[in-house]
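Asker: no sequence for this one, just the structure:
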């Protein structure tokens, strides 16, 4: 109600009160007249309050008619009702648009509360997960998606940003990639994407690489055998050609070996149980292999903490450590130094390889673990690199919940560090130690 209307109603009230007092004075009964006028005003006010109450209770009642201040009150409430109705229609339209949009999503989308109970889901969740309305609303999501690994994953979903893959409860042949997003206080959004086709294509790719690699190894071995047998009997002018063929064949053989190793690591069917690994003994074996590969062209320093064992897969970890040491040998010039360390740190057991080699440009470091990525094709060709070594290392570390840290400066060397979780530390009482 505007200030102008209030002033108008106040002036009417003053005029009415003055009229009542004047009438009481002229009649000689001012108290009686004032009492009667007050009673009538009070009755009129109560009647308007009752009409207001009845109007507000009815959803579509006609606006009451009145006079003076009450007419303005009824009109103002009516305006607010119209405005509120328009806002509700607008909000409802936005909600309907949002629901239509989310129902069009191909990914199953679920909303869960602080107790991990389901509060909403879209149509894709009904199709992919078999959820029903209203039976499944309010149910714990772990009761609807019965996977022990999923229950463990969602319990730490706020601390872990990685996604999770599981089979669909409605169809075991469908693979779902699950990610979690905290979008409001005490509420989280679960997004489940069908990755069955991607997994099938990835499996076809792995099988193709493995099969081709296996098929090529036999003729390549035969070729190397014949080259080896004729290398000592060919004329001197043909010797450089034979030597170059041998180098290329050995490089191809290394590529096939790395492809098979990477295919094995990426295989979804691979199941490995963690064992206590005598890392110091493994590194001493790698030290002998590295010195033989280097042929006294480099200076080695192995610093190994005795008795520091690790829970994991021995074959995979040996492959990762060997790749890092051999990379240091390949990219370190003659006379350079290579330092290998295995020690306990605050972050966890750490394996590191430091060299005084050619170093890596800063812009290339983030892409080093990509398959077939090479910092420079010329230097990789000269050193016989396949571009798969660090990709193999990355896969092994991911399987052991470890991280790979790379610190390098062009021309000054590089340091590759593998940091394992503290929980993977193993120290047997009768640990075999070598330094």
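Answerer: Looks like it came in fine. Model, not experiment: these values are computed from the prediction.
Asker: what helices or strands is the stretch of helix or strand residue 85 belongs to leaning on?
Answerer: Applying DSSP states H and E as the criterion places residue 85 in helix 68-103. Based on contacts counted as 3 or more Cβ pairs under 8 Å, 6 or more residues apart in numbering; DSSP states H and E, the elements that helix 68-103 packs against are helix 3-27, helix 30-57. Using the backbone N, CA and C atoms, a C-beta is placed for each residue, glycine as well.
Asker: by mean pLDDT, show me the worst of the ones you listed.
Answerer: For the helices and strands packed on helix 68-103, the bottom mean pLDDT is recorded on helix 3-27, which sits at a mean of 69.
Asker: SS state for residue 188?
Answerer: Using DSSP: H, G, I helix; E, B strand; the rest coil, the secondary structure recorded for residue 188 is strand.
Asker: so how far is residue 179 from it?
Answerer: Residue 188 sits 11 Å away from residue 179 when distances are taken as Cβ to Cβ, to the nearest Å.
Asker: partner strands of the very next helix or strand once past the helix holding residue 85, with direction?
Answerer: Next helix or strand after helix 68-103 toward the C-terminus (DSSP H and E): strand 108-112. Within its sheet, strand 108-112 is paired with strand 118-121 (antiparallel), strand 187-194 (antiparallel), according to DSSP bridges.
Asker: report the mean confidence score over the first one.
Answerer: Strand 118-121 comes out with an average pLDDT of 88.
Asker: wait, which of the helices and strands packed on helix 68-103 is closest to residue 341?
Answerer: Of all the helices and strands packed on helix 68-103, helix 30-57 sits nearest to residue 341, with 79.0 Å by Cβ to Cβ.
Asker: what helices and strands are in contact with the closest one?
Answerer: Contact here means 3+ Cβ pairs under 8 Å, 6+ apart; on that basis helix 30-57 packs against helix 3-27, helix 68-103.
Asker: would you reformat those helices as TSV and include distance to residue 423 and mean neighbour count?
Answerer: Compiled in TSV, the helices and strands packed on helix 30-57 are given as follows (distance: least, Cβ to Cβ, whole Å; neighbours: other Cβ atoms under 10 Å):
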stretch	distance to residue 423	mean neighbour count
helix 3-27	72	12
helix 68-103	39	12
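Asker: make JSON lines from those helices and add distance to residue 193 to it.
Answerer: Putting the helices and strands packed on helix 30-57 into JSON lines (distance: least, Cβ to Cβ, whole Å) gives the following:
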{"stretch": "helix 3-27", "distance to residue 193": "60"}
{"stretch": "helix 68-103", "distance to residue 193": "14"}
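Asker: so where do the helices sit in the chain?
Answerer: Under the criterion DSSP state H, the chain carries helices at the ranges 3-27, 30-57, 68-103, 123-129, 141-144, 148-155, 196-231, 239-266, 279-294, 314-330, 377-383, 389-399.
Asker: hmm, back to that, could I get the strands paired with strand 108-112 as JSON lines with mean neighbour count and distance to residue 106?
Answerer: Shown next, in JSON lines, are these (neighbours: other Cβ atoms under 10 Å; distance: least, Cβ to Cβ, whole Å):
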{"stretch": "strand 118-121", "mean neighbour count": "18", "distance to residue 106": "14"}
{"stretch": "strand 187-194", "mean neighbour count": "19", "distance to residue 106": "7"}
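Asker: got these as a markdown table, with distance to residue 213 columns?
Answerer: Supplementary listing: the strands paired with strand 108-112 in a markdown table, determined by distance: least, Cβ to Cβ, whole Å:
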| stretch | distance to residue 213 |
| --- | --- |
| strand 118-121 | 44 |
| strand 187-194 | 30 |
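Asker: among those strands, which is nearest residue 141?
Answerer: Between residue 141 and the strands paired with strand 108-112, the shortest separation by Cβ to Cβ is 5.4 Å, and it involves strand 118-121.
Asker: for that closest one, what is the distance to the chain centroid?
Answerer: What separates the centre of strand 118-121 from the centre of its chain is 21 Å, taken as Cα atoms, centre = their mean, to the nearest Å.
Asker: so, low pLDDT: which residues of the stretch 301-435 of the chain?
Answerer: Of all residues in the stretch 301-435 of the chain, those with pLDDT under 70 make up the ranges 372-387, 428-435.
Asker: quick check: which ranges of the stretch 51-200 of the chain have low pLDDT?
Answerer: By pLDDT under 70, the weakly predicted segments of the stretch 51-200 of the chain are 59-61, 99, 157-162.
Asker: try it again with 90
Answerer: Flagging of the stretch 51-200 of the chain using pLDDT under 90 yields the residue ranges 51-116, 119-136, 138-174, 178-191, 194-200.
Asker: re earlier: so which of the helices of the chain is nearest residue 427?
Answerer: Set against residue 427 and scored by Cβ to Cβ, these come closest in helix 279-294, at 11.1 Å.
Asker: tell me how the chain divides into domains.
Answerer: Recorded structural domains for the chain (assignment: automatic domain parsing) are 3-100, 105-194, 198-266, 275-426.
Asker: out of the ones you listed, which one sits most buried?
Answerer: With neighbours defined as mean count of other Cβ atoms under 10 Å, these peak in mean count at domain 275-426, which reaches a mean of 17.
Asker: report the distance from that one to the chain centre.
Answerer: Between the mean C-alpha location of domain 275-426 and the chain-wide mean there is a distance of 27 Å, by Cα atoms, centre = their mean.
Asker: end to end, how far does it reach?
Answerer: With Cα to Cα, to the nearest Å as the measure, the ends of domain 275-426 fall 9 Å from one another.
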